[in-house]
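Chemist: Pasted the sequence and its predicted model underneath.
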2 protein chains.
Amino acid sequence: MNELTIHLRPRSEVPLYEQIYKYIKKDIQDGRIKSGEKLPSTRALCGHLQVSRSTVELAYEQLLSEGYIESRPCSGYFVAEVGGLYRLESPSRGKKEIPRDTKTRYLYDFTPNGVDLDYFPYGVWRKLSRESLLDDKAELFSLGDSQGEWGLRSAICDYLHQARGVNCEPEQIVIGAGDDYLLMLLNAVIGNDHKVAFENPTYKRDYRLFQNLSYDVCTVDMDGQGMNVEKLAASGADIAFVMPSHQYPLGIVMPIKRRLELLSWAGAKEGRYIIEDDYDSEFRYKGKPIPALQGYDREGRVIYVGTFSKSVAPAIRISYMVLPYSLLEKYRRRGAFLHSTVSRINQQVLQRFMEEGYYERHLNRMRAVYKGRHDALLSALKQMRVKFQVTGEHAGVHLLLRFSEGRTEEDLIARAAGAGVRVYGLSDYVVEAEESERLPPTILLGYARLKEENIGQAVSLLAGAWN
Amino acid sequence: MNELTIHLRPRSEVPLYEQIYKYIKKDIQDGRIKSGEKLPSTRALCGHLQVSRSTVELAYEQLLSEGYIESRPCSGYFVAEVGGLYRLESPSRGKKEIPRDTKTRYLYDFTPNGVDLDYFPYGVWRKLSRESLLDDKAELFSLGDSQGEWGLRSAICDYLHQARGVNCEPEQIVIGAGDDYLLMLLNAVIGNDHKVAFENPTYKRDYRLFQNLSYDVCTVDMDGQGMNVEKLAASGADIAFVMPSHQYPLGIVMPIKRRLELLSWAGAKEGRYIIEDDYDSEFRYKGKPIPALQGYDREGRVIYVGTFSKSVAPAIRISYMVLPYSLLEKYRRRGAFLHSTVSRINQQVLQRFMEEGYYERHLNRMRAVYKGRHDALLSALKQMRVKFQVTGEHAGVHLLLRFSEGRTEEDLIARAAGAGVRVYGLSDYVVEAEESERLPPTILLGYARLKEENIGQAVSLLAGAWN
């Protein structure tokens, strides 16, 4: 072969063996050294380049392991047939997405979604992640239990017992990458030959998802205590989708009587189920927490869905559902063959976060933070000389202002926007237009993403705008 | 209040402030200090405990931030109303799952599934993970693009262009936690009012998934070139699910003529689609790689599905699909509101793994490793004095031995097991029993999880068992 042209840079950050490896690889890729040609012996090359023999050996080792060269016993190293080798070049295409439309800028945004990530314990999370990636954890890169790792399911189970009064065993828990996924998995398990009743108004994403999964969907009106059970019975639905802890968007906490009525509706006919979406039950600021609806279920009719999106961080993408035993059997037959959607490493980090007390601390801390904002918001609203009724307070991370007729949501939102404050209208959550006409104009104020010290200012801007 | 009993251990690993915090917290939780009681001032407590004042202040700060105590201006610290606080105790329940039935032990297992994780670049992955978790990346914990991060989609797009001849833009790529999830998402986008034709034999998981999602499913026989297009047309299906790169389980690489026939079937009628499952196209050991079917598609009929489970590691749970523009529109309306199932941190790690050349290196390395095993297996099989025909070689990580009539798969599998070697029968992959009767007895040998140095020994055990 022609002499290899290799200009080594001894002071470079790139190790010498890697420089040699890259030179030879490029020569092979560019066809300057042809398939079948013999490479210089390691002894010849190290003399030529004035480097140690082991440096050259390392470079050849790397080329060998990636298939660029092959070793023939007693005769040396030869360039391999490289037709099938990968050569991925940096692209010319720009890396940036086309920017989306720039939106109106607001001084303050009372969004009812999202969480405050300033209090997220990044240091702890990093430490746990680092430790979970240690050498002896190669096993974590192989496929795990499709239902989720047993250890994490145990930790979730303990939490649900103690904090939510949920009555379950780890074997009933299925871990998945988000509520949406779990509801799709449920679809694979129970099929879509069901009529699903949603509260009205409701969280439209879930409604749309069930609709797109070709379920028959309907809405059932709410009264001050939650979904109207008589209307539910009349709807012909066999699945009720409810949020008893702090209904979204109305903020209603379903009292025990209504919970029992719902359960008795479910128990009255074979095959009826209740999906309990406990999306932000972690935050209550007054009185004892009310146990989950699931905790009162004696007949195995409740499918409990919970998430760490609100209580840890949205981007960790870990949710879970608790299946009643009747469905667990079905899950094992129809869903358990599907691989888990959450990586084992992430599951392990969360498990340790829970087991080592960080989750408890973080929950209590966030509860204190959100309670501070909740209280500041309530007291600022009391000062306002605008007529409305506050509802849905004392839990979750949003509340509602119910205005008397004569005002319109559009006008209230537009005036607030004019003052630089973003607020949200209840009618966005109403599925059927007919219903929306019956609800008084109502504004949602979320406080998970507004600092306590800014709430007074934000509310006084609203007061000016709405006066 | 009663005097606080706090026994500090100055030499403990637990910082002093944390010891104080824990003592007081426990006293509050256990009711030894009641709600409303006043705590000693920081000055009094630091004198009493003989620690610095800032140590006590830190402890009080922590109690304050978690809501155990509250500060009243000009009068000091008081125990808060703690009814709603979380107190998660370690459970009494055992942490271990009940062990499943112990399975037969084998010396060698020719499983056609799985990958060899011994070559996974753990060091690089750890380094990239650590760097992605740095302080200024708090943004990564908030929700990202529901379709997947643009940067990762760009990197995948570049790879698909260069390595697979796929014709796409990043905007067409949807990232998800595994193929199963992506197929469920597709269901939410296109609905299940379709008849889906699978190759027979096929990868039964996908068949079952579509069945459970209430699609009308059917199978279409294969010939030596892949799915029989005439039979496909006669089946009445409007979606064909195929694996042209290396069909599972038959190992057939679909020739270009058949690919074009399939595309012309799809183009012949509005609304027909082909799902191309390119699950292990990364590994080919002979000749140039054949571009993906998608690369020949001029009418936007191919939905391309790929995964990093085989080429990186099963547990990272990242797959992707490339939607034709006709479906992209529909996805935006019906699927884009669903949150991504892959955490942004994991997406960023994979993006850097691809952009910084690690993926190229890893692919070439694994290709060399698997080629070594493939060649060793072929040459060991040639020595065997048992009559069979080898098929499905030169690509993927498994091949097939087709025996003449007179032998049965059950018998071959049982004899191999008797010699301590696990092999797999083709009939496990046949969906309809009627078909299975027509296929000659065939054994699958996977080599992704068998070391090259063991292959000779494993094959000679088989030779002994089958003679």
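Modeler: Yes, it's here.

Chemist: what's the neighbour count on A:Arg333?
Modeler: Number of residues near A:Arg333 (other C-beta atoms under 10 Å in any protein chain shown) recorded here: 12. Every residue, glycine included, has its C-beta placed from N, CA and C.

Chemist: Spell out which residues of the stretch 151-300 of chain A are next to chain B.
Modeler: Residues of the stretch 151-300 of chain A found near chain B (C-beta under 8 Å from any C-beta of the partner chain) are A:151, A:154, A:157-159, A:161-163, A:170, A:176-178, A:180-181, A:184-185, A:187-189, A:191-193, A:205, A:208-209, A:212-214, A:284-289.

Chemist: how far is stretch A:41-52 from where the chain is centred?
Modeler: Remark: stretch A:41-52 is offset 54 Å from the chain centroid, using C-alpha atoms, centre = their mean, to the nearest Å.

Chemist: list the buried ones in that stretch?
Modeler: Residues of stretch A:41-52 classed as buried: A:Thr42, A:Leu45, A:Cys46, A:Leu49, A:Val51 (neighbour count, 16 or more other C-beta atoms under 10 Å in any protein chain shown).

Chemist: In helices, which of the residues of the stretch 151-300 of chain A next to chain B fall?
Modeler: Using DSSP state H, A:151, A:154, A:157-159, A:161-163, A:180-181, A:184-185, A:187-189, A:205, A:208-209, A:212 are the members of these that sit in helices.

Chemist: so how far is chain B from A:Ser132?
Modeler: From A:Ser132 across to chain B, the span is 9 Å (C-beta to the nearest C-beta, to the nearest Å).

Chemist: residues contacting that residue?
Modeler: A:Leu140, A:Ile345, A:Gln348, A:Val349, A:Arg352 (C-beta atoms under 8 Å, 6 or more residues apart in numbering or on different chains).

Chemist: The same query, at a cut-off of 7 Å, please.
Modeler: Counting by C-beta atoms under 7 Å, 6 or more residues apart in numbering or on different chains, A:Ser132 makes contact with A:Leu140, A:Ile345, A:Gln348, A:Val349.

Chemist: element containing the last one, please.
Modeler: Spelled out, that is A:Val349. Here A:Val349, judged by DSSP states H and E, is contained in helix A:344-355.

Chemist: related to what we said a few turns ago, most neighbours, which of the contacts of A:Ser132?
Modeler: Going by other C-beta under 10 Å, A:Val349 tops those with 24 neighbours.

Chemist: That one reaches A:Lys127, doesn't it?
Modeler: No. Using C-beta atoms under 7 Å, A:Val349 is not in contact with A:Lys127, being 9.6 Å away.

Chemist: packing partners for the helix holding A:Val349?
Modeler: On a contact count with 3 or more C-beta pairs under 7 Å, 6 or more residues apart in numbering or on different chains; DSSP states H and E, helix A:344-355 meets helix A:122-132, helix A:150-164.

Chemist: buried stuff in the last one?
Modeler: If I follow you right, that is helix A:150-164. So for helix A:150-164, counting by 16+ other C-beta under 10 Å, buried means A:150-161, A:163-164.

Chemist: looking at this, A:Glu199 is in a strand?
Modeler: Yes. Assessed with DSSP: H, G, I helix; E, B strand; the rest coil, A:Glu199 lies in a strand.

Chemist: mind listing what it touches?
Modeler: Contacts were defined as C-beta under 7 Å, 6+ apart; by that measure A:Glu199 touches A:Val220, A:Met222, A:Met227, A:Val242, A:Met243, A:Gln247.

Chemist: Tell me the pLDDT of A:Lys137.
Modeler: Per-residue confidence (pLDDT) for A:Lys137: 61.

Chemist: where does chain A have low pLDDT?
Modeler: Within chain A, the segments meeting pLDDT under 70 span A:1-3, A:82-86, A:88-104, A:135-138, A:287-289, A:433-437.

Chemist: Beyond the longest helix seen in it, next helix or strand please.
Modeler: Counting residues, the longest helix found in chain A (DSSP H) is helix A:358-383. On the C-terminal side of helix A:358-383, the closest following helix or strand by DSSP H and E is strand A:388-391.
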